[in-house]
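K.L.:
Compute the structure for the input listed below.
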Amino acid sequence: MKITAKRVGITAFFVLFFSWITVYKTGANNLLIQSEDTLPAIFLPAAIINEKTLYLDSYYNTMIQRYPNPDDKNYTRGLTPYYLKKVGNHYLSAFPIITPLVSIPIFFFPLKLGLPITWENMIFLSKLSSMFIVSASGAILYLLLKKHFLSEKKSLLLTFIYLFATVNFAMISQSMWQHGTLELFSVLGLYFFLNFVNGKKPKYYDAFLGSLFFGLAILSRPTAALALAFILLLAFVKQKAYRKDIKVYLSVFFGLLLNVIFFLWYNGKFYTGIQNQGYFSQLSGSWISPFPVSLIGVWLSPSKGILIYSPIFIFSIVGFYLAMKKSWKENTQYLAYFLIVLLHTLIISFWKHWYGGYSFGYRMSSDIIPYLILVMVPFIKSDLYEKYKKIFLATLVFSVLIEVFGLFFFDGIWHAAYDKGYKDTSWLWSIKDSEFAFDMRRILVKFKLLDRACPKCL
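P.N.:
As a prediction, this is how the structure comes out:
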């Protein structure tokens, strides 16, 4: 039976949905909103569909009654919580708006058919939207891998890793984070740019669509700009015959220009200036993490590290080594992907919230999951894969189990017990009080084998 991208996407969606609904309905984990960061994205589709606006004024009271500003202990009604921006007399999302825009098709018909705007209904639709976005990115990744890198079977294997052995499973697919949308548009952009790079007769619309989708990825989260720079450099290196073709440059330019025009329009009409965009105020004074400890933490922190929560990515490092050992000139694309991974984690490590705040695993580094998957390709193609296949599969199973653990246990309790914030990150290095160890103690408490999961907590 031929495995199509459509079938991969549909299957992934149902696995994600039934995994969540099972955990929720059985009472194993009743958490519905993983972070207040996602609140504006939950209600923005309703504002767009019903009121044709980006203003969240109609939902302000609803949001703050249930989620007042968690960063302000003296919060009083009437102030603006961190997840909103007040411009004039209006309230706007403090985060990029692309995720809620992509989610409009999920919200549209239920709201138009009269579905009441309640917490339960909005959260349920937001869950469907998040799962759809991650499933769609998985389907496109499968298509990309099968067309440009691997056999159908091995493409499916790497797609499975992308969907279920990373924080895409326990975190990104469970709430309306910006990361899922960034991944979706990054994979779409990669697909079309690789069509351009690998085509015997490159087509201009591939360059246009590649830049268009990468532009949307940047609007989802500005960190995607780093990846675009390396992908454009890769295209320049690989397609020598088109270096002087003005049509290629125009194709890329107009793809990005459409995004710039859209950004300038909604920024001018609603936000009235770049200073009101959520990330603008964070650009200064936020690069204060204790490097290089933070960089090591991005990769190896017991409660946040990439290689701790997805140990399968050890084989991405092996894959990069194999590609460079063979010939870095012949494998420039893997060098580009690895540099995206390396520089992204380097930059994030200077950010005060490099660990991702209240979240499961390496949320802040989830943007580079597609590139970690691609860097794994040389290993999957090599003889070492067949030689160490059992070890690889065992690591894969363990990585998936970690994500299943996250589905059951990530509810913010560990953070509430141990999180000391970004000024003192010692809590991120404790093995005894790590998130996993804490959750194991919670199991023992449930079976009355232990008095409390947090011995130091009152």
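K.L.:
what's near enough to touch the nearest residue to residue 293 once chain neighbours are set aside?
P.N.:
In space, and not counting its chain neighbours, residue 293 is closest to residue 425: 7.6 Å by C-beta to C-beta, 6 or more residues apart in numbering. (C-beta placed from N, C-alpha, C; glycine too.) When contacts are counted by C-beta atoms under 8 Å, 6 or more residues apart in numbering, residue 425 touches 289-290, 293-294, 297, 355.
K.L.:
What about the residues you listed, which one has the most neighbours?
P.N.:
Within the contacts of residue 425, neighbour counts (other C-beta atoms under 10 Å) peak at residue 355, which reaches 28 neighbours.
K.L.:
Okay, and that residue sits in which element?
P.N.:
Element membership for residue 355 (DSSP states H and E) is empty, with no helix or strand holding it.
K.L.:
follow-up on the earlier one: got JSON lines for the contacts of residue 425, with pLDDT, distance to residue 323 and secondary structure too?
P.N.:
Formatted as JSON lines, those follow (pLDDT from 0 to 100; distance: C-beta to C-beta, whole Å; DSSP: H, G, I helix; E, B strand; the rest coil):
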{"residue": "289", "pLDDT": "86", "distance to residue 323": "30", "secondary structure": "coil"}
{"residue": "290", "pLDDT": "88", "distance to residue 323": "32", "secondary structure": "coil"}
{"residue": "293", "pLDDT": "92", "distance to residue 323": "29", "secondary structure": "helix"}
{"residue": "294", "pLDDT": "93", "distance to residue 323": "28", "secondary structure": "helix"}
{"residue": "297", "pLDDT": "95", "distance to residue 323": "27", "secondary structure": "helix"}
{"residue": "355", "pLDDT": "92", "distance to residue 323": "30", "secondary structure": "coil"}
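K.L.:
what residue lies at the spatial centre of this structure?
P.N.:
Closest residue to the average C-alpha location of the chain: residue 179 at 2.6 Å, with C-alpha atoms, centre = their mean.
K.L.:
ok, then the element right after the helix or strand hosting that one?
P.N.:
Under the criterion of DSSP H and E, residue 179 resides in helix 178-198. Using DSSP H and E, the helix or strand that follows helix 178-198 towards the C-terminus is helix 204-220.
K.L.:
Give me the distance between that next one and the centre of its chain.
P.N.:
18 Å (C-alpha atoms, centre = their mean, to the nearest Å).
K.L.:
Quick one: list the elements packing against it.
P.N.:
helix 98-102, helix 178-198, helix 224-238, helix 246-266 (3 or more C-beta pairs under 8 Å, 6 or more residues apart in numbering; DSSP states H and E).
K.L.:
out of those, nearest to residue 364?
P.N.:
For the helices and strands packed on helix 204-220, proximity to residue 364 was assessed by C-beta to C-beta; helix 178-198 is nearest, at 8.5 Å.
K.L.:
Can you list the neighbours in contact with stretch 155-167?
P.N.:
3, 8, 12, 15-16, 134-135, 137-138, 141-142, 145-146, 149-150, 168-169, 309-310, 312, 360-363, 366, 369-370, 373, 376-377, 380, 396, 399-400, 403, 406.
K.L.:
now do stretch 137-150
P.N.:
By C-beta under 8 Å, 6+ apart, stretch 137-150 touches 3, 5-6, 8-9, 12, 152, 154-156, 158-159, 162-163, 168, 180, 183-184, 187-188, 190-191, 194-195, 198, 370, 373-374, 377, 380-381.
K.L.:
how about residue 449, phi and psi?
P.N.:
Per-residue torsions, residue 449: phi -100, psi 0 (degrees, to the nearest 10).
K.L.:
repeat for residue 357
P.N.:
Torsion angles, degrees, to the nearest 10, at residue 357: phi 60, psi -150.
K.L.:
Count the neighbours of residue 65 for me.
P.N.:
9.
K.L.:
Quick one: name whatever helix or strand follows the helix or strand where it lies.
P.N.:
Per DSSP H and E: residue 65 is located in helix 60-66. For helix 60-66, the succeeding helix or strand toward the C-terminus, using DSSP H and E, is strand 84-87.
K.L.:
residue ranges with poor pLDDT in this protein?
P.N.:
Residue ranges of the chain with pLDDT under 70: 70-78, 278-285, 456-458.
K.L.:
so residue 334 makes contact with residue 318?
P.N.:
No: checked against C-beta atoms under 8 Å, the pair residue 334 and residue 318 is beyond contact range at 11.8 Å.
K.L.:
Show me which of the two is the more surrounded one.
P.N.:
residue 334 (23 against 19).
K.L.:
Can you tell me how far the more buried one is from residue 354?
P.N.:
25 Å (C-beta to C-beta, to the nearest Å).
K.L.:
Please apply the same query to residue 181.
P.N.:
21 Å.
K.L.:
These two: which is more packed in?
P.N.:
residue 181 (31 against 26).
K.L.:
I'd like the distance between the more buried one and residue 67.
P.N.:
For residue 181, the distance to residue 67 - C-beta to C-beta - is 22 Å.
K.L.:
thought residue 356 was touching residue 305?
P.N.:
No: the pair residue 356 and residue 305 fails to qualify as a contact (C-beta under 8 Å) at a distance of 11.3 Å.
K.L.:
Between these two, which has more neighbouring residues?
P.N.:
Taking other C-beta under 10 Å, residue 356 and residue 305 do not tie; residue 356 has more neighbours (23 against 20).
K.L.:
Next, give phi and psi for the more buried one.
P.N.:
phi 90, psi 10.
K.L.:
List the contacts of it.
P.N.:
304, 362-365.
K.L.:
And these, which is closest to residue 233?
P.N.:
Among these, residue 365 lies closest to residue 233 (C-beta to C-beta), at 21.8 Å.
K.L.:
Show me the strands in the stretch 1-150 of the chain, by range?
P.N.:
Using DSSP state E, counting those that start in this stretch, the strands found in the stretch 1-150 of the chain span residues 84-87, 90-93.
K.L.:
chain center to the first one: distance?
P.N.:
The reference is to strand 84-87. Worked out by C-alpha atoms, centre = their mean, strand 84-87 lies 24 Å from the chain centre.
K.L.:
CA-only coordinates of it in CSV, if you can.
P.N.:
Output of strand 84-87 as CSV, limited to C-alpha atoms (Å, rounded to 0.1, in the frame of the first residue of the first chain):
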residue,chain,number,x,y,z
LEU,A,84,-1.7,41.4,25.8
LYS,A,85,-0.7,44.8,24.5
LYS,A,86,-2.8,47.9,25.1
VAL,A,87,-2.8,50.3,22.2
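K.L.:
Tell me which residues are up against that strand.
P.N.:
Residues contacting strand 84-87 (C-beta under 8 Å, 6+ apart): 40, 56, 60, 63, 80, 91-94, 270-272, 276-278.
K.L.:
go with 7 Å
P.N.:
With contact meaning C-beta atoms under 7 Å, 6 or more residues apart in numbering, strand 84-87 is reached by 40, 56, 80, 91-94, 271-272, 276, 278.
K.L.:
Kindly report the same for stretch 331-345.
P.N.:
223, 226-227, 230-231, 233-234, 237-238, 295, 298-299, 320, 323-324, 328, 365, 367-368, 371-372, 374-375, 378.
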